[in-house]
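In: mind looking at a prediction? Sequence and model below.
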Amino acid sequence: MNIGYQKGRLVQATQSNTASQSAERSKYVMGQKVEDVTTPLKKSQQRDLLPVLQQMERHPPQTTKERDERGRELAGIHDSLGFQTDPVALD
């Protein structure tokens, strides 16, 4: 997560996720290794949160319904900040 302020104002808010793994396959013939293949997999994802956060700042919730919606939005952002161990899940 990168957050940047300039003169007290939020000017940057990005979230980056990277996950990697590799699969190794070895082939043996008569007890001798004849093939060894490693297949790496790495995925990255970046999300710009600045527009969402600025919109929230400019338009505070006025009703209970709006506060509930805001809470769900923030919970969704919070849930997406966890570590991801599966590169395929970053698609």
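Out: Right, received. Where do you want to start?
In: got the phi and psi for Ser80?
Out: phi -80, psi -10 (degrees, to the nearest 10).
In: from what I see, it and Gln15 are in contact.
Out: Yes - between Ser80 and Gln15 there is a contact under Cβ atoms under 8 Å: 6.9 Å. C-beta here means a position set from N, CA and C on the backbone, and glycine is covered the same way.
In: return every residue with contacts to both of the two.
Out: Jointly contacting Ser80 and Gln15 under the rule Cβ atoms under 8 Å, 6 or more residues apart in numbering are Arg47.
In: just the local confidence number for the residue nearest the centre of the chain, please.
Out: Compute the mean C-alpha point of the chain, and by Cα atoms, centre = their mean the closest residue is Asn17, 3.8 Å away. Listed pLDDT for Asn17 reads 82.
In: for it, helix, strand, or coil?
Out: Three-state call for Asn17 (DSSP: H, G, I helix; E, B strand; the rest coil): strand.
In: who is it paired with across the strands?
Out: Gln45 (DSSP bridges).
In: just the mean pLDDT for the lengthiest helix in the chain, thanks.
Out: Using DSSP state H to define each element, the chain has its longest helix at helix 64-79. The average pLDDT for helix 64-79 rounds to 88.
In: also stretch 36-52?
Out: 90.
In: Asp48 reaches Thr14, doesn't it?
Out: Yes - under the criterion of Cβ under 8 Å, Asp48 makes contact with Thr14 at 5.5 Å.
In: helix or strand for Gly4, which one?
Out: strand 2-6 (DSSP states H and E).
In: give the pairing partners of that strand; include direction for each.
Out: According to DSSP bridges, strand 2-6 forms sheet pairs with strand 9-29 (antiparallel).
In: related to what we said a few turns ago, wait, the residue nearest to the centre of the chain sits on Ser44?
Out: Yes - contact criterion Cβ under 8 Å: Asn17 and Ser44 qualify, at 6.9 Å.
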